[in-house]
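*Asks:* after the sequence you'll find the predicted model.
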Amino acid sequence: MARICFVAGDPSGDLHAAHLIDALRRRDPSLSVTALGGAAMQQAGAQLLQDLTASAAIGPFDAAQHLGSFIRARRRLDAHLAADRPDAVILVDFGDFNLPFIAPLVKRRGIPVLYYISPQLWAWGGWRLRYVQRYVDRMLVLFPFEERLYREAGVPVTWVGHPLVESARPSISPAEAMQRFGLNPWRRTVGLLPGSRERELSRHLPLMLGAARTLAWHMPGLQFLIPKAPSVSREAIEAHVRRGLPSAVIAEGRMADLLQVMDVAAVASGTATLEAALGRVPMAVVYRASWPTYAMAKLVLRTPHIGLVNVVAGRRVVPELIQRQARPSTLAHELLALLRNDEARAGMRQRLGELAKELGEPGAVDRAAEAVRELLATTAAGRS
């Protein structure tokens, strides 16, 4: 019976890991899985050593607030590796924790290390690449430019494509979605996507609601839709909405179903920008971090773009509003420009459609599962 341990530190990584566990268990129902992670992996059948997703943070300074939890998690993992040695450890994103603290620990015990969903080394400079070269046996990456980066650095790498492609097709029609989410089909819809963490919510949603008030004043009749991420409480969103825009609709459902009814959207930088791109939703990207995190990012950032949409495209496809630029007035200006210009929206949709081709074909999770099985087979053959 094969044994695998996963380490994922935020809700997004936890969900991606859960999907990979499902794919692996379809191939080998006897697979034993342990994890530092969250509820999604636990529901997929993993034995949870510690919930890390409650400590999800943006950047090293925010992460420092949860240092005690991370230290306990590392100790717990080390004890688990010693007592019940797995055949492989799969690290999922979360580079501030996984690369410097977990990968060396696992490698010292002689256990193969796979990394699924690369940290953004291409954005933060090459010093982290040394950790990958020294401690990671194979990278499983989502973007073709990541494959080129690691191949040139001599790191074994497999491009599997992006799992979001699997869920990009809506499950219901736009008319059904309008009815299900309580929207008026005769009104234009603006999406507000503030992020999947409570801290992101507190930084981005008031900004988006302020922009929404300006939009409503300039274009009466607009309606506003806030998708609720599974990792964020409805009460937290409602508290912001009551203070900022009581008429906004908070909806739970598949993101592809929600995106298809949006004419434009304000999207917090992160995976949601790719989901919006796959849904061909014209957007403006916003990003706010703590000032220490932002100051450090200014020193070490190696890419002119912060939104994944623009990073993958290698050019500015959608506007980005970062830190001081991320104000209600500037966000409203960008969204008004899209709402008032049919050609601008159509042009952005076309560019987003071209970008979607860079995310690969459906089947990313299955390809990742096959890569894991190949490594396990190679490791087993080496021991025999």
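*Replies:* Cool, got the structure.
*Asks:* domain map for the protein?
*Replies:* 3-161+363-383, 167-359 (automatic domain parsing).
*Asks:* how about a markdown table for those domains, with mean neighbour count added?
*Replies:* All C-beta spots, glycine's among them, are computed from the backbone N, C-alpha and C. Converted to a markdown table, the domains of the chain look like this (neighbours: other Cβ atoms under 10 Å):
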| stretch | mean neighbour count |
| --- | --- |
| domain 3-161+363-383 | 19 |
| domain 167-359 | 19 |
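*Asks:* now tabulate the ones you listed in TSV and tack on mean pLDDT.
*Replies:* Converted to TSV, these look like this (pLDDT from 0 to 100):
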stretch	mean pLDDT
domain 3-161+363-383	90
domain 167-359	91
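*Asks:* pretty sure Gln260 contacts Met178?
*Replies:* No. The criterion here is Cβ atoms under 8 Å, and Gln260 misses it with Met178 at 9.6 Å.
*Asks:* could I get the full set of helices for the stretch 151-300 of the chain?
*Replies:* Using DSSP state H, counting those that start in this stretch, the helices of the stretch 151-300 of the chain run over 174-180, 198-218, 234-244, 255-259, 271-278, 291-300.
*Asks:* any idea which of these gets closest to Ser118?
*Replies:* For the helices of the stretch 151-300 of the chain, proximity to Ser118 was assessed by Cβ to Cβ; helix 271-278 is nearest, at 13.3 Å.
*Asks:* C-alpha coordinates for that closest one, PDB please?
*Replies:* In PDB, the C-alpha atoms belonging to helix 271-278 read as follows (Å, rounded to 0.1, in the frame of the first residue of the first chain):
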ATOM      1  CA  THR A 271      -6.200  32.500  -8.900                       C
ATOM      2  CA  ALA A 272      -9.600  34.200  -9.300                       C
ATOM      3  CA  THR A 273      -8.100  36.300 -12.100                       C
ATOM      4  CA  LEU A 274      -7.500  33.100 -14.100                       C
ATOM      5  CA  GLU A 275     -11.100  31.900 -13.400                       C
ATOM      6  CA  ALA A 276     -12.400  35.200 -14.700                       C
ATOM      7  CA  ALA A 277     -10.100  34.900 -17.700                       C
ATOM      8  CA  LEU A 278     -11.500  31.400 -18.500                       C
END
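*Asks:* need the residues that contact it.
*Replies:* Contacting residues not belonging to helix 271-278 are listed as 12, 162, 164-165, 168, 191, 193, 195-196, 255-256, 259, 262, 265, 267, 283, 285, 307-309, 312, 318, 352, 355-356, 359 [Cβ atoms under 8 Å, 6 or more residues apart in numbering].
*Asks:* go again using 7 Å as the cut-off
*Replies:* Contacts of helix 271-278 with the rest of the structure, by Cβ atoms under 7 Å, 6 or more residues apart in numbering, involve 12, 162, 164-165, 168, 193, 255, 259, 265, 267, 283, 285, 307-309, 352, 355-356, 359.
*Asks:* which residues does stretch 230-247 contact?
*Replies:* So stretch 230-247 is in contact with 11, 53, 196-198, 201, 205-206, 209-210, 212-213, 224, 226, 228, 248, 250, going by Cβ under 7 Å, 6+ apart.
*Asks:* between the helices of the stretch 151-300 of the chain, which gets nearest to Gln323?
*Replies:* When those are ranked by proximity to Gln323 (Cβ to Cβ), helix 291-300 comes first, at 5.3 Å.
*Asks:* which residues does the helix or strand following that closest one contact?
*Replies:* Tracing the chain past helix 291-300, the next element assigned as helix or strand by DSSP states H and E is helix 308-313. Contacts to helix 308-313, defined as Cβ under 7 Å, 6+ apart, come from residues 143, 273-274, 277, 285, 303, 305, 316-318, 320, 355, 358.
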